[in-house]
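> With the sequence up front, the predicted model follows.
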Amino acid sequence: MTNKLILHNARKAVRRILTVGLVLLTTITMLTSGGTQVFAYEFDYEFNPNDPNVSLVKTFTNVRHETQRLADEVVYFGYENYPNGSGTNGYGFEVAINSQGYIIEKNVNVAMPENGFIVSGHGVNSTALQTLELGDIVFYDEVRAEIKVYRHALYSLLAGCYFNYEAALGYFNFAKNNLYDFDVEGTQAILNDIENRLQTMASYDDGTPLTTQEMVQLTLNKTKIADLTNEVQYRTLPFRKVEAVAMWHRPTVANLSYAGTIAFLDHIKQAGVNVLLVETLWNSYPIYESEVAETQPLMKITGTDVFGPEYGNDYLLCLITEAHKRGIEVHAWSQTMRGGTSDTGSINDIPSHLKPEWIQRNYQGGLTFDGPMMYLDPANPEVVEHLKAIYREMVLKYDWDGIELDYIRYPYSNLPTYISNSSTTDLKDGGYTTYAMNEFLASIGRTGANLRELIKTNSDIRRQWTEYRASKITDMVDVLAKLIRELKPDLDISMAVAASHTEAKTNYMQDWMSWVQNGWIDTYRPMAYLGSVEQIERFAKQYVALANQLSALEMGLGSAYEGFPAIINQLQMEVTYVNKGIGSAIFASQQIFSIGTASKAVQESFKAMKLHTARYEKISPYDHIKTIVDGSMDYLLDKIDRLYAPAGNFDNKETLKTIINNVKKVELKSPSDYPALEEALLNLRGYNSQTPNETIKTRINEDLDYLLNLIDLRINRALINHGYWNGKGERPDISTFEFPEFGRVTTTPGGESNGKGFFSFLNCNKSDIATVTGILGTLTLLFLVVRRKRYEKNSISAA
């Protein structure tokens with residue numbers, strides 16, 4: 001039995017693996033802080049590929065040496081020339097091999113081991129690398145451009161398990177030494193479990209052949225140690241008290257019933273989700289009973305009181321009300337420019353509430369893009385009016401916390417790389433409706449010309465055509481943002497956009513950074529669905545700088561959706577937070593929730609979020625400002641007494657606590673009071689500079705910097721949304737303007753706050769707003785009924 005590890009920062013974990021010719025001499029020794037040996041294992045093994053215990057796992061051929069990694073290639077990178085890693089993008093996979101030839105790390109991007117090397121693969125080779133295991137033995141032959149990977153039934157397995165233990169110990173030590181708030185005792189118990197399993201596994205090396213039962217036990221222990229290592233990492237990541245944890249959700253992922261809705265909401269609450277983006281305008285269909293358009297066929301609810309007597313058959317009423325009881329905000333995720341789907345490419349497949357001439361055509365004349373998708377034409381004024389009617393109804397019908405614009409773009413286009421007069425067979429480009437082509441040609445003085453011929457032969461026309469379409473999407477965003485703002489001035493307006501803002505503008509006609517810089521958008525979510533933590537960090541830094549605090553960043557993450565390990569999502573959330581994002585949005589709910597028995601991947605994603613994201617109760621950055629301030633300060637006071645004071649060298653803690661309590665006393669009636677709050681937080685941060693313990697000082701500053709960043713964003717958004725500033729030039733002093741007062745903070749036992757989002761600027765509660773909204777909604781819907789009848793008539797005649 002191992003000694004309990006009390007002070008891991010004083011503990012040594014020593015591994016020595018030497019290679020002498022083909023003789024692998026391995027010694028693994030672990031010592032307590034007092035120098036007592038608790039685990040030791042040695043073996044001398046002359047590597048022999050013909051040993052029955054050795055198997056050739058994989059052979060990589062045509063290995064490229066220290067060069068740019070291209071599609072489906074595998075590349076070797078050595079320590080001498082690439083000491084900081086391969087530098088490859090996040091669209092592949094890598095393994096790190098130490099100086100003795102063992103694989104010690106697997107990931108999208110790995111650190112370069114000292115005197116070791118990295119094998120980096122893309123495509124099929126990326127997939128092949130993911131099948132390798134820690135402890136596998138790698139030989140690289142530069143002359144033959146070949147890599148061979150071997151696995152010893154016992155020794156590779158033991159080495160891999162030890163590397164996992166070493167990683168787990170590193171996570172623990174780092175978190176504890178840096179005063180992260182986590183369950184130290186519970187995590188210590190997991191490390192002890194791993195040590196005990198390692199000792200048991202080493203006992204099988206007794207000079208006798210391994211039995212089938214022993215191999216089964218070894219394999220089970222290997223899997224368990226890997227799982228426990230992951231759990232240690234989840235547990236020891238930094239916890240952030242105020243953070244947006246958003247998640248996109250397609251309603252049919254959960255059972256469409258009251259019980260199914262409650263089970264789903266309770267499940268995502270356990271994972272720390274506090275913003276739900278529910279697919280509401282789904283492929284041009286609203287998911288509710290609409291007076292403007294046909295209901296999404298998959299959401300036509302039949303039966304009686306499917307969602308209980310309180311909600312009847314109204315899914316959204318049930319979802320939003322029950323989510324608010326749990327402190328979860330609900331935003332309408334809307335696919336703005338989607339126009340239905342067609343597997344046959346027939347115009348007869350369009351939804352009944354759309355006109356055929358509203359649907360985009362591609363360059364070749366077809367209706368579909370990226371498989372069966374169809375898109376609306378933003379150039380057509382009738383489409384604009386239709387979407388205005390859709391959003392007017394959507395905004396007024398339910399108690400939303402926000403509206404998200406997705407698919408606010410054209411389908412993907414490779415027109416920018418097209419070479420004049422070359423074949424157009426593979427040309428992907430959309431927007432070729434009669435209306436758009438005629439308007440564009442008239443705008444450039446070429447009325448009556450053949451646009452497709454001009455596109456084929458003239459690069460200037462291609463550029464102008466791209467700019468014309470981008471302007472139509474920008475106009476659409478402007479129109480819809482103004483409409484939403486007029487209907488509910490403080491409803492959060494967000495957008496889901498292509499990860500690269502330059503590619504978005506060039507290939508999707510989605511100039512989203514200009515919308516941010518124009519002040520139209522409250523929150524933007526670049527959809528960076530990749531496995532690289534480093535690339536997410538680069539995106540976050542770049543976009544926060546370009547946005548200049550005019551809009552809040554929630555990085556859209558889809559690493560689990562793309563099949564990467566669950567830890568990648570958690571690390572990507574952390575680098576987004578550290579780089580001034582207010583949080584992250586995860587694609588999608590099926591990654592942590594499943595009807596029936598969940599797969600191991602779903603279980604692992606949920607486990608990662610539960611142990612990291614939901615370690616303690618979070619506060620949404622969209623919440624009432626008083627809730628955010630009091631919750632943050634109370635948590636900081638708790639950490640000072642429970643976590644920081646025992647670390648020592650903290651003589652100024654009592655004065656610091658007094659200043660923290662003074663922050664809570666700042667009167668917050670309206671956005672005009674933000675400067676007073678900002679001043680109090682800056683005073684607190686200034687005094688914290690005197691904290692002698694550098695680690696404590698850093699942790700406190702992290703919390704304060706997030707709040708100061710959030711206040712700065714809120715000041716900008718309040719000024720812009722209330723018409724006092726356009727985001728250009730010097731920002732005016734917000735304290736000189738009048739605003740409606742914040743709503744009352746009336747948090748219910750279930751977690752609902754009545755003073756967030758739209759209601760944070762109003763001196764009334766949700767029932768008051770519901771009454772007013774109901775009156776406005778009734779009047780608006782009378783107008784929409786007339787529009788609905790006209791659309792039905794047009795649809796029938798078009799068919």
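Yep, it's here. Quick caveat, the model's predicted, so the values are computed rather than measured. Residues are numbered from 1 along each chain as shown.
> So which residues of the stretch 201-350 of the chain form helices?
212-236, 258-270, 315-325 (DSSP state H, counting those that start in this stretch).
> what's the most buried one of those helices?
Ranked by mean neighbour count under mean count of other CB atoms under 10 Å, the helices of the stretch 201-350 of the chain are led by helix 315-325, which reaches a mean of 21. C-beta here means a position set from N, CA and C on the backbone, and glycine is covered the same way.
> Compile the helices of the stretch 201-350 of the chain into JSON lines and extend it with columns for distance to Leu487.
Shown next, in JSON lines, are the helices of the stretch 201-350 of the chain (distance: least, CB to CB, whole Å):
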{"stretch": "helix 212-236", "distance to Leu487": "42"}
{"stretch": "helix 258-270", "distance to Leu487": "26"}
{"stretch": "helix 315-325", "distance to Leu487": "17"}
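> Those helices: which one's closest to Ile640?
Checking the helices of the stretch 201-350 of the chain against Ile640 by CB to CB gives helix 212-236 as the closest, at 20.5 Å.
> For that closest one, name the packing helices and strands.
Applying 3 or more CB pairs under 8 Å, 6 or more residues apart in numbering; DSSP states H and E, we find helix 212-236 packed against helix 155-177, helix 184-202, helix 566-578, helix 600-611.
> Recalculate using a threshold of 6 Å.
Contact partners of helix 212-236 among helices and strands, from 3 or more CB pairs under 6 Å, 6 or more residues apart in numbering; DSSP states H and E: helix 155-177, helix 184-202, helix 600-611.
> With distance to Lys269 added, can I get these in CSV?
CSV is the format used below for these (distance: least, CB to CB, whole Å):
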stretch, distance to Lys269
helix 155-177, 25
helix 184-202, 21
helix 600-611, 10
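> Show the contacting residues for the most centrally placed residue in the chain.
The centroid of the chain falls nearest to Leu557 when counting by CA atoms, centre = their mean (2.5 Å). Taking CB atoms under 6 Å, 6 or more residues apart in numbering as the criterion, Leu557 is in contact with 569, 572, 584, 586.
> Check Ser126 too.
92-93.
> cutoff 8 Å now
Counting by CB atoms under 8 Å, 6 or more residues apart in numbering, Ser126 makes contact with 91-93.
> from those, which has minimum pLDDT?
Within the contacts of Ser126, the minimum per-residue pLDDT falls on Tyr91 (86).
> I'd guessed that one sits against Leu530; true?
Yes - counting by CB atoms under 8 Å, Tyr91 does reach Leu530; the two are 6.3 Å apart.
> more crowded one of those two?
A count of neighbours by other CB atoms under 10 Å puts Leu530 above the other of Tyr91 and Leu530, at 21 against 16.
> Isn't that one up against Asn109?
No - Leu530 is beyond contact range of Asn109, at 10.8 Å (criterion: CB under 8 Å).
> shared neighbours of the two, anything?
Residues touching both Leu530 and Asn109 by CB under 8 Å, 6+ apart: Gly90.
> Now do stretch 628-648: distance from first to last residue.
Chord length of stretch 628-648, first to last residue, is 28 Å (CA to CA, to the nearest Å).
> my bad, should have said stretch 393-401
Stretch 393-401 end-to-end distance (CA to CA) = 15 Å.
> so which helix or strand takes in Ala718?
In this assignment (DSSP states H and E), Ala718 forms part of helix 694-721.
> Taking helix 566-578 as reference, get the angle to that helix.
70 degrees (axes from the mean of the first three to the mean of the last three CA atoms, to 10 degrees).
> Can you list the buried residues in helix 694-721?
By neighbour count on 16 or more other CB atoms under 10 Å, the buried set for helix 694-721 is 696-697, 699-701, 703-704, 706-711, 713-721.
> what does stretch 409-426 give?
409-411, 413, 415, 418.
> Averaged pLDDT, it. What do you get?
Rounded mean pLDDT across stretch 409-426 is 97.
> quick one on the thing from earlier: in the contacts of Leu557, find the pair that's most separated.
Largest pairwise distance in those, by CB to CB, is 9.4 Å, between Gln572 and Ile586.
> what is the rounded mean pLDDT of stretch 660-671?
98.
> Also stretch 367-382?
97.
> Name the residues of that stretch that are buried.
Buried-residue list, stretch 367-382, by 16+ other CB under 10 Å: 367-369, 373-380, 382.
> Could you give the separation between the terminal residues of that stretch?
First-to-last residue span, stretch 367-382, CA to CA: 19 Å.
> again with stretch 102-117
10 Å.
> buried set for stretch 274-284?
For stretch 274-284, by 16+ other CB under 10 Å, it's 274-284.
> actually stretch 336-346, not the one I typed
Buried, per 16+ other CB under 10 Å, within stretch 336-346: 336-340, 342.
> Give me the distance from it to the chain's centre.
Centroid displacement of stretch 336-346 relative to its chain, using CA atoms, centre = their mean, to the nearest Å, is 27 Å.
> Please apply the same query to stretch 151-160.
How far stretch 151-160 lies from its chain's middle: 36 Å, per CA atoms, centre = their mean.
> which ones among the buried residues of stretch 367-382 are found in strands?
Taking DSSP state E as the definition of strands, the buried residues of stretch 367-382 contribute 373-375.
> Would you format those residues as JSON lines with distance to His267 included?
Shown next, in JSON lines, are those (distance: CB to CB, whole Å):
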{"residue": "Met373", "distance to His267": "30"}
{"residue": "Met374", "distance to His267": "34"}
{"residue": "Tyr375", "distance to His267": "34"}
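> Dig out what the spatially closest residue to Leu56 that is not a sequence neighbour forms beta bridges with.
Nearest residue to Leu56, sequence neighbours excluded (CB to CB, 6 or more residues apart in numbering): Tyr150, at 5.9 Å. In this entry, Tyr150 is beta-bridged to Leu56, Ile137, by DSSP bridges.
> that older thread, now, which of the contacts of Leu557 sits nearest Gln549?
Distances from Gln549 to the contacts of Leu557, taken by CB to CB, are shortest for Ser584, at 18.4 Å.
> give me the element that closest one is part of.
Assigned by DSSP H and E, Ser584 falls in strand 583-586.
> Ok, Met513 next?
helix 512-517.
> Thr506 now?
helix 501-507.
> contact partners of that helix?
Residues contacting helix 501-507 (CB under 8 Å, 6+ apart): 409, 412-414, 416, 466, 470, 497-498, 510-513, 526, 543, 546.
> So which of these sit within helices?
Those of the contacts of helix 501-507 mapping onto helices are 466, 470, 512-513, 543, 546, per DSSP state H.
> Would you mind splitting the protein into its domains for me?
Following automatic domain parsing, the chain resolves into domains at 55-152, 244-611, 625-742.
> low-scoring pLDDT stretches of the protein, where are they?
Applying pLDDT under 70 to the chain flags residues 1-46, 744-799.
> Need the distance between the two termini of stretch 686-697.
With CA to CA as the measure, the ends of stretch 686-697 fall 11 Å from one another.
> Which positions within stretch 563-579 qualify as buried?
For stretch 563-579, the neighbour count (16+ other CB under 10 Å) marks 564-579 as buried.
> who touches it?
Contacts of stretch 563-579 (CB under 8 Å, 6+ apart): 107-108, 230, 233-234, 237-238, 240, 243, 245, 528, 531, 533, 536-537, 540-541, 544, 553-555, 557, 559-560, 583-584, 586, 601, 604-605, 607-609, 612-613, 706.
> If I follow the layout properly, Pro648 ends up in contact with Pro692?
Heads up, residue 648 is Gly, not Pro. No - using CB under 8 Å, Gly648 makes no contact with Pro692, being 9.4 Å away.
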